[in-house]
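>>> Just the structure for this:
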Amino acid sequence: MAIAWTTTIISSTIIIMLFSSATTAQTNNDNGGKPKRTHFIVEACKNASINSSEYRHVTKEFCVSTLQQDKRSDEAKDLHDLALIGVDILKGHIIAASGKVKEMMHSAMNGTSTAQRLRLCEMDYDAAVTILKVCNTMLKDYRGPKGGEKVGPPSFYLPDCVDKASGFVNYCEHELVDMPGQEALYKESIELCKLGDLNVALMQPYWDFTQN
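Next up, the predicted model:
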């Protein structure tokens, strides 16, 4: 009787241990991808920070927090996925800022310096959005180093495209400098420039001509 009871206890203990191990393994499998992907984002952002210009330095922390605004970053598998996310984030913020500029134009008197500069800023933002749509299409068409130009754009087209869009965002910033009553728009334009610089730095590896 004692032997049977002891055997039962031992068997029950083994079953509980096995169940606990299986549950832990399952939990690790369910969440195992996220630490790796988070690590991947951190590494990509670390490289972007290194590749960013001294004039507008992009920090790793700013890069990570920006990309994580989009839930798709949790599923990003490579730099190509992150580049698409970065472009979409930048485009969304520019569209929102452009809407604010349009609202300000309604209250600005026609023919005044303020109205003219706001109009130029609106045109700059609209141009940036148009270019980013092209960038988005090129990114989706890009097939990697082995894709070749026949089935997708050369790799260096990608950062060059984003750089051109960011240039128009910078133009708007210059238009808003020292504009009375538009301090909020100017501050927002600076943030947009940082987002543009982030995207350019993030896509810096695509300047490698050996990837074409």
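
>>> Ramachandran coordinates for R143?
Dihedral pair for R143: phi -110, psi 10, per degrees, to the nearest 10.

>>> quick thing: my sequence starts at 622, can you match it?
OK, 622 is where the count begins now, so the last one is R764.

>>> ok, it - how many residues close by?
Close neighbours of R764, defined as other CB atoms under 10 Å, add up to 13. (Each C-beta comes from the backbone N, C-alpha and C, glycine too.)

>>> surely it meets G773?
Yes - applying CB atoms under 8 Å as the test, R764 and G773 come out as touching, 4.1 Å apart.

>>> Show the residue spans covered by the helices in the chain.
Using DSSP state H, the helices of the chain run over residues 623-652, 654-672, 681-688, 700-728, 734-762, 778-797, 804-823.

>>> For the fifth one, name the packing helices and strands.
By that I understand helix 734-762. Here helix 734-762 touches helix 700-728, helix 778-797, going by 3 or more CB pairs under 8 Å, 6 or more residues apart in numbering; DSSP states H and E.

>>> what's the offset of stretch 820-833 from the middle of its chain?
Relative to its chain's centre, stretch 820-833 lies at 15 Å (CA atoms, centre = their mean, to the nearest Å).

>>> care to break this protein down by domain?
Per automatic domain parsing, the structural domains of the chain span 622-652, 659-832.

>>> Now stretch 674-685: buried residues?
The neighbour-count check on stretch 674-685 (16 or more other CB atoms under 10 Å) flags 677, 679, 681, 683-685 as buried.

>>> Look up how far M744 lies from A805.
Distance of A805 to M744, computed by CB to CB, to the nearest Å: 20 Å.

>>> Equivalent analysis for D829, please.
Distance of D829 to M744, computed by CB to CB: 34 Å.

>>> same thing with D699?
35 Å.

>>> Of these two, which one has the most company?
Legend: neighbour count by other CB under 10 Å for D699 and M744, higher for M744 (16 against 10).

>>> The more buried one and D709: what is the separation?
Using CB to CB, M744 is found at 22 Å from D709.

>>> Identify the spatial nearest neighbour of L816, chain neighbours not counted.
Leaving out its chain neighbours, the residue that sits closest to L816 by CB to CB, 6 or more residues apart in numbering is L711, at 4.8 Å.
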